[in-house]
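**Student:** fold the following and give me the result.
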Amino acid sequence: MSFADHYLPEYQRSMSSPEAFWREQAARLPWFVAPQTVLDEQQQWFADGELNTCYMALDYHVEQGRGEQVALYYDSPVTDTREQWSYQRLRDEVAKFAGALQAQGVGRGDRVVIYLPMIPQAAIAMLACARLGAVHSVVFGGFAPHELALRIDDAEPKAVITASCGVEIDKVIAYKPMVDKAIAEAKHKPQAVIVYQRPQCQADLKAECDHDWQQLMATANAVGCTAVNSNDPLYVLYTSGTTGKPKGVVRDNGGHAVALNYSMQYVYGMQPGQTFWAASDVGWVVGHSYIVYAPLIFGCSSVLYEGKPIKTPDAGAFWRVCADYQVKAVFAAPTAFRAIKKEDPQGELIKQYDLSQLERIYMAGERLDPATYEWTCEHTAKPVYDHWWQTETGWPVCANPVGEAAQRVKPGSPTFPVPGYQITILSDSGEPLKPGEQGAIAIKLPLPPGCLLGIWRNPERYHDGYLAAFPGYYSSGDGGYFDEQGYLYVMGRTDDVINVAGHRLSTGEMEEVIATHRAVAECAVVGSYDEIKGEVPVAFVIIKNQMGVEQATLQQQLIEMIRADIGAIACLKHVYVVNRLPKTRSGKILRRVMRQILNGESYNVPSTIDDPSSLDDIAAAVVERKQSA
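**Tutor:** Below is the predicted model:
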């Protein structure tokens, strides 16, 4: 079916009759009290509805006779562990752990901080909080104590749930000492600290508030689901902010469930009973939405993977998981596939696995460069779909409507706005721009169900950060444009546009060009201060394995490619080969920090950085540039 035959009617109905559209989607879910008002005067969705997210995700499926279906596959190459959790087993375990939390005084509206590795207990803790109507806040396991302390003080949790350790490729990281240090630093003191003891490292439980997970579960009583209002918070998820203070994105229960349930079929083309794998971490929004909540609410089997795309044990790890669990659709950040491409440039490891059940590959979290898209398509022979969304939206904003009728893919574009999102490209002054003109990507208010309710206890920060720039719109912070056929192109954060001698140039466009070079596995372009031109681009590249190339030769070739595709005005003169790029744990390149280092500015090492030593390569480039100046 064509764009006009299906996508346009579906999308236009969501724009012209949003209440009827979302009432229809809400009716697909088992509410305790079905909402009568879809959108109220305060622009809240389903405000008079009552539900429980854990009930929708677990109990309902058991009641429908599907309790023996696998809900969760746990696969941990770092501990050589595999487990299957049926809906019945997961429901029973969650109900008991909710009882253990309740015995520690946790109830509806209380906050619980979850600081766990990628183990089933992370999903169990999240769902147990939802069962009680408590508000969970997952902090990526292994975060620095100071950053954990900041989140404890902001969320003010009644309990902290952690594990004795996290397990990496080559080391075991004790979590309890970091939690103890964070609580000692924090002004707010939780009443209980619950520790899941792992065999790789046992934690000492000394404080009066310390409790052993396994011991609590031995005597816990299972509890039922607490009814909550649709707009009661389900979770607070902290994302990076520019002020140094963590920014807690608040998600509701009702709109969240409706949007995620809709997305599983419309965006991802899934059916209940099939296996979906989001290769992320529960510390990130992808893990919240598409490891735990969306697959389980929709009735799929989900994969929880404690490993890496490479080195656990090799670059075939993703394909092994897809084959073992008959994954229908896999979703990961482009950086994961770039890492695989670097280690296995010819895709030899892909051939070792039966991927006949894998139908689609999805990427999001950062720009999907055409080179990575083309490599993945070529070596897997599977359709690859880019889609764009944010922590704040909680589910895709722009995607190929695969569940209805997939549209032609255009490399570099995540395709069309998802029903419910009215996207406009605005100039700096707030004027709508024409197709082909780059500007700020904004979404007309009200946002559809599932998007953030606000910032935890900070309405001013929500208004100033998202609503003030363009009245009547949510400002995404990303820049881009629509083409003549309505395809959206997201060119990166608006602060990733550099001004070279008065010409505004997208570093994302330059990265697209550089990534097409046969020897380049990954790259990043940032702006560096220049006293004559204002700014000039500087490129950092990682070379594919088995691709020997001289840096001087590569630099000249890339300069010529940029000149041919973008023009001499781009003024690319400096290309540095590095072993790694500084990234967050979710795979986003820390371009702002790279730019600050290049420009000799002071900077803070972000709490979300995966490998702080990766900044050393950037610092070395600064020294080299000064010496060559």
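
**Student:** least confident secondary structure element in this protein?
**Tutor:** Sorting the helices and strands of the chain by mean pLDDT, DSSP states H and E puts strand 503-506 at the bottom, at a mean of 66.

**Student:** so how far is the helix or strand encompassing E378 from its chain's centroid?
**Tutor:** Assigned by DSSP states H and E, E378 falls within helix 370-380. Helix 370-380 sits 21 Å away from the centroid of its parent chain (CA atoms, centre = their mean, to the nearest Å).

**Student:** now for it, which elements pack on it?
**Tutor:** When contacts are defined as 3 or more CB pairs under 8 Å, 6 or more residues apart in numbering; DSSP states H and E, helix 370-380 sits against helix 334-343, strand 360-363, strand 384-386, helix 507-515. Every residue, glycine included, has its C-beta placed from N, CA and C.

**Student:** buried stuff in stretch 614-628?
**Tutor:** S614, L615, D617, I618, A621, V622 (16 or more other CB atoms under 10 Å).

**Student:** next one: the helix ranked longest in the chain to chain centre, how far?
**Tutor:** Of all segments of type helix in the chain, defined using DSSP state H, the longest is helix 87-103. Distance, stretch centre to chain centre, for helix 87-103: 27 Å (CA atoms, centre = their mean).

**Student:** show me what secondary structure element comes after that helix.
**Tutor:** Heading C-terminal from helix 87-103 (DSSP H and E), you reach strand 111-115.

**Student:** that following strand to helix 87-103, inter-axis angle?
**Tutor:** If you take axes from the mean of the first three to the mean of the last three CA atoms, to 10 degrees, strand 111-115 sits at 120 degrees to helix 87-103.

**Student:** and strand 111-115, which residues are buried?
**Tutor:** Within strand 111-115, the residues that qualify as buried are R111, V112, V113, I114, Y115, counting by 16+ other CB under 10 Å.

**Student:** who does it touch, helix- and strand-wise?
**Tutor:** helix 120-132, strand 135-138, helix 145-155, strand 159-163.

**Student:** tell me the average confidence for the third one?
**Tutor:** Computed over helix 145-155, the mean pLDDT rounds to 91.

**Student:** so what does that helix touch, helix or strand wise?
**Tutor:** Packing contacts for helix 145-155, counted by 3+ CB pairs under 8 Å, 6+ apart, involve strand 111-115, strand 135-138, helix 176-185, strand 233-239, strand 247-252.

**Student:** now do the strands in the stretch 351-500 of the chain.
**Tutor:** Using DSSP state E, counting those that start in this stretch, the strands of the stretch 351-500 of the chain run over 360-363, 384-386, 398-399, 416-417, 423-426, 439-444, 454-455, 473-482, 488-493, 497-500.

**Student:** same check on the stretch 501-629 of the chain?
**Tutor:** Under DSSP E, counting those that start in this stretch, the stretch 501-629 of the chain gives strands at 503-506, 520-530, 534-543, 574-577.

**Student:** likewise for the stretch 201-350 of the chain?
**Tutor:** Counting by DSSP E, counting those that start in this stretch, the stretch 201-350 of the chain has strands at residues 210-212, 228-229, 233-239, 247-252, 275-278, 301-305, 327-332.

**Student:** tell me how far stretch 462-474 lies from the chain's centre.
**Tutor:** 22 Å.

**Student:** just the CA trace of it, in CSV.
**Tutor:** C-alpha atoms of stretch 462-474 as CSV (Å, rounded to 0.1, in the frame of the first residue of the first chain):
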residue,chain,number,x,y,z
TYR,A,462,10.1,21.9,32.0
HIS,A,463,8.7,25.2,30.7
ASP,A,464,12.0,26.8,30.1
GLY,A,465,13.7,23.8,28.6
TYR,A,466,10.9,22.6,26.3
LEU,A,467,8.1,25.1,25.9
ALA,A,468,9.5,28.6,26.1
ALA,A,469,11.5,28.7,22.8
PHE,A,470,8.4,28.3,20.6
PRO,A,471,5.1,29.1,22.3
GLY,A,472,2.5,26.4,21.5
TYR,A,473,5.2,23.9,20.6
TYR,A,474,7.4,21.4,22.3
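
**Student:** now that stretch: buried residues?
**Tutor:** Buried-residue list, stretch 462-474, by 16+ other CB under 10 Å: Y462, G465, Y466, A469, F470, Y473, Y474.

**Student:** got it, and stretch 514-532?
**Tutor:** In stretch 514-532, counting by 16+ other CB under 10 Å, buried: 514-515, 517, 519-528, 530.

**Student:** thinking again about what came up before, select, out of the helices and strands packed on helix 370-380, the one closest to F298.
**Tutor:** F298 sits nearest to strand 360-363 of all the helices and strands packed on helix 370-380, at 15.3 Å, using CB to CB.

**Student:** which elements pack onto that closest one?
**Tutor:** strand 327-332, helix 370-380, strand 384-386.

**Student:** that older thread, I'd like the helices and strands packed on helix 370-380 as CSV, with distance to P537 and mean pLDDT appended.
**Tutor:** Formatted as CSV, the helices and strands packed on helix 370-380 follow (distance: least, CB to CB, whole Å; pLDDT from 0 to 100):
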stretch, distance to P537, mean pLDDT
helix 334-343, 20, 90
strand 360-363, 25, 97
strand 384-386, 24, 97
helix 507-515, 6, 84
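
**Student:** hang on, S263 packs against V397?
**Tutor:** No: assessed by CB atoms under 8 Å, S263 is found out of contact with V397, at 10.7 Å.

**Student:** between the two, which one's more packed in?
**Tutor:** The neighbour count for S263 versus V397, taken as other CB atoms under 10 Å, is higher for V397 (28 against 24).

**Student:** how close does the more buried one sit to V409?
**Tutor:** V397 is 17 Å from V409, where distance means CB to CB, to the nearest Å.

**Student:** over to G166?
**Tutor:** Distance from G166 to V409, by CB to CB: 37 Å.

**Student:** ok, those two, which is more surrounded?
**Tutor:** Shown here are G166 and V409; by other CB under 10 Å, G166 has more neighbours (25 against 17).

**Student:** what bridges to the more buried one?
**Tutor:** For G166, the beta-bridge partners are I173 (DSSP bridges).

**Student:** for it, give its distance to Y196.
**Tutor:** As judged by CB to CB, G166 and Y196 stand 11 Å apart.

**Student:** was I right about A521 contacting K544?
**Tutor:** Yes: counting by CB under 8 Å, K544 is a contact partner of A521 at 4.4 Å.

**Student:** which neighbours do the two share?
**Tutor:** Residues touching both A521 and K544 by CB atoms under 8 Å, 6 or more residues apart in numbering: K341, K342, P345.

**Student:** would you turn those residues into a markdown table with neighbour count and distance to L101?
**Tutor:** What follows is the shared contacts of A521 and K544, written out as a markdown table (neighbours: other CB atoms under 10 Å; distance: CB to CB, whole Å):
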| residue | neighbour count | distance to L101 |
| --- | --- | --- |
| K341 | 23 | 43 |
| K342 | 19 | 43 |
| P345 | 18 | 48 |
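
**Student:** which of those sits closest to R580?
**Tutor:** Distance to R580, by CB to CB, is smallest for K342 among the shared contacts of A521 and K544, at 10.2 Å.

**Student:** could I get the contacting residues of the closest residue to the closest one other than its chain neighbours?
**Tutor:** Excluding its sequence neighbours, the residue lying closest to K342 (CB to CB, 6 or more residues apart in numbering) is A521, at 3.7 Å. A521 makes contacts with R338, K341, K342, P345, V541, I542, I543, K544, N545, as judged by CB under 8 Å, 6+ apart.
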